[in-house]
Structure formats: C-alpha cells, structure tokens
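Asks: Return atomic coordinates for the entry below.
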Amino acid sequence: MSALLSQRVQRSFSRSFHSYHEAACPQARIADLLVGALARAGAPARFGSVLELGCGTGHLTARLQRQFECPQMTLNDLSPAACQTARQYGATFLCGDALALDWPEMPSLIASASMIQWLPDPLALVRRAARALPEGGWLALSGFGPGHFRELSALGSQAQAPGLCPRHALAAAVAPDLDVLACGEDLLPLYFPSPREVLRHLRRTGVNGQARQNWTRARLACFEAAYRQQFGTAQGVSLTYQAVWIVARKPVGAAPIRKSASDGAASPCGHVRHRGP
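Replies: Next up, the predicted model:
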C-alpha cells in the first residue's frame, strides 16, 4: 500500500473506529458467512495459531473464537485503535500494513474479512498468505468484487476501494499452493432513507477513506438528485456491497491441486448467491 493511501485509510478508520462495529452490518454478515464456509469445508475444531489480518473491531475475531478453539491469536490492523480488539480477545497485536510486516511463522489459519480491498494489489497479499501456511494450514479470506458500491461508481464517486477483485482471481492466486475448497460471492444491498444517509453510513464505517470529494451545497444537491433518480426504490435508496470469499487448505504430503487462472477453480467457485431487492 502506498504511504499516502495507507495514511488516508488509517485516518479514516481510526476516526470511525468507535462507530464502525454497530454501523458495519454487512461486514458482520460477511464474517458470519466466512466462518460458516470454513466450518462447512471441514476445518478442525482447534487451530493452534491464528493470524488475522485487518481485525478492525473484531467481527471476524469473535466468530472465529466462538466457532473454533484458538489458543494463540495474532491480530493485525492498520489502525492503532484496533489494539483494543486484541486486548478484548486476549490476542497479540501487530500494527501496520499487512503486506509490509513480518508475520508469525507457520500459522495454522490465516484469516481476513473485508480488508484486502484497500490494498492496490490484494492478490500479492493472498499469494503471500498461501506461501506462509504450513502443510495442512488453512486460509479463509474475503474482500469485495468489482460490483461493490455500484451506485457510487455510476455517479463518479472516488469512495471506491482500489483493490476490488473477482472471486475467480482469489482462487487463481492461491491455486499454485493451496487446494481451493470453497469460494463465492454475495450481493448485500442496504437501503437508506436518503443519499445523505448513505454518506453518513460511509463516514461511520470509515469506508470513504479513498474519497476526496469537497462537498459544496450545489454539488451535494446534484449528487442527491442523481442518486434518487437512478437508485431510488420503494425501500429507499440502495447501496450494494459485493462480497467475495475463499476457503483453501495447503495439502499434506502431496502436491497441491493445480488449476490454471482460466480454470478459476471452476467447481469450488460454483457457489454464487445474489440477494437483490
């Protein structure tokens, strides 16, 4: 991550840290989805050591500890405020850019939810995680796809994260080293009474770290009118999250299943769910 982007994202999430947990309903649902997929893929009841990248306020941490025995957890986050999360869950805290830091050696599970989209090259992190696992180690990771916040993109907003990637790219990135057991995507639309409430939601969750919009009264009025016209529904105006995820495991004592990028781990990636209005 570039220094400028890193500082911007860190400031944005640090400002919103205390409002994030309550406001980030989609991220909580994604953490549920990821832990459920990990359990269904046959993960063991106990992970000896866990490295979680981008822990935030602990949506995924709580669910991992509830579902699995995790006696040794290391939590990473760009925001120093997340040390509170590590203390809350009895974990070691590793502060900084996940790509630049040294990681604990041979974690039995590397997990991350709703973080990699902030990296300009999220697949570099995915490949590093795949290489860092020991034989039998597990990877459970989610990000956001190219259709994420489609409403904002259509209106020319700069709030979009730089590292959106399709699920097939996640599968292809780990395929040289890991067996892909599950991957998929899910559309999670939210509805708000007004476009201003959409902007408020972005501020409360800190996901506007990439935005550099200088709002004037006229510009805000124009944005609201266009948003209502294009994305107004009987339920309110929409804001759509597109979650993508992958669960994979490093083979034990055998060559991994190799899949080409064009294969895209076709069978495991067959799980696609769409929730629309």
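
Asks: rest of the way, CA atoms for contacts and neighbours
Replies: Will do.

Asks: which residues in the stretch 151-277 of the chain form strands?
Replies: 179-192, 232-233, 236-249, 271-274 (DSSP state E, counting those that start in this stretch).

Asks: Let me have the ones you listed in TSV, adding distance to residue 169 and mean pLDDT as columns.
Replies: Below are these laid out as TSV (distance: least, Cα to Cα, whole Å; pLDDT from 0 to 100):
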stretch	distance to residue 169	mean pLDDT
strand 179-192	11	94
strand 232-233	32	95
strand 236-249	10	96
strand 271-274	15	43
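
Asks: Output the below-cut-off pLDDT ranges for the stretch 1-150 of the chain.
Replies: For the stretch 1-150 of the chain, the stretches with pLDDT under 70 are 1-17, 19-23.

Asks: still on that earlier bit, which one of the strands of the stretch 151-277 of the chain lies nearest to residue 52?
Replies: strand 236-249 (14.0 Å; Cα to Cα).

Asks: got the strands of the stretch 151-277 of the chain as TSV, with distance to residue 39 and mean neighbour count columns?
Replies: Formatted as TSV, the strands of the stretch 151-277 of the chain follow (distance: least, Cα to Cα, whole Å; neighbours: other Cα atoms under 10 Å):
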stretch	distance to residue 39	mean neighbour count
strand 179-192	11	21
strand 232-233	36	16
strand 236-249	10	24
strand 271-274	15	12
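
Asks: of all those strands, which lies closest to residue 51?
Replies: Closest approach to residue 51 among the strands of the stretch 151-277 of the chain (Cα to Cα): strand 236-249, 14.7 Å.

Asks: So in that sheet, which strands flank the closest one, and in what orientation?
Replies: Take DSSP bridges as the rule and strand 236-249 pairs in its sheet with strand 138-144 (antiparallel), strand 179-192 (antiparallel), strand 232-233 (antiparallel).

Asks: Which one, of those, ends up nearest to residue 206?
Replies: Set against residue 206 and scored by Cα to Cα, those come closest in strand 138-144, at 15.3 Å.

Asks: one step back: quick one, which of the strands of the stretch 151-277 of the chain is nearest to residue 100?
Replies: strand 236-249 (22.5 Å).

Asks: How far off centre is that closest one?
Replies: Offset of strand 236-249 from its chain centre (Cα atoms, centre = their mean, to the nearest Å): 8 Å.

Asks: And for stretch 123-142?
Replies: Chain-centre distance of stretch 123-142: 15 Å, with Cα atoms, centre = their mean.

Asks: now do stretch 110-125
Replies: The answer for stretch 110-125 is 7 Å, by Cα atoms, centre = their mean.

Asks: Now do the buried residues in that stretch.
Replies: Neighbour-count burial for stretch 110-125 flags 110-119, 121-123, 125 (criterion: 16 or more other Cα atoms under 10 Å).
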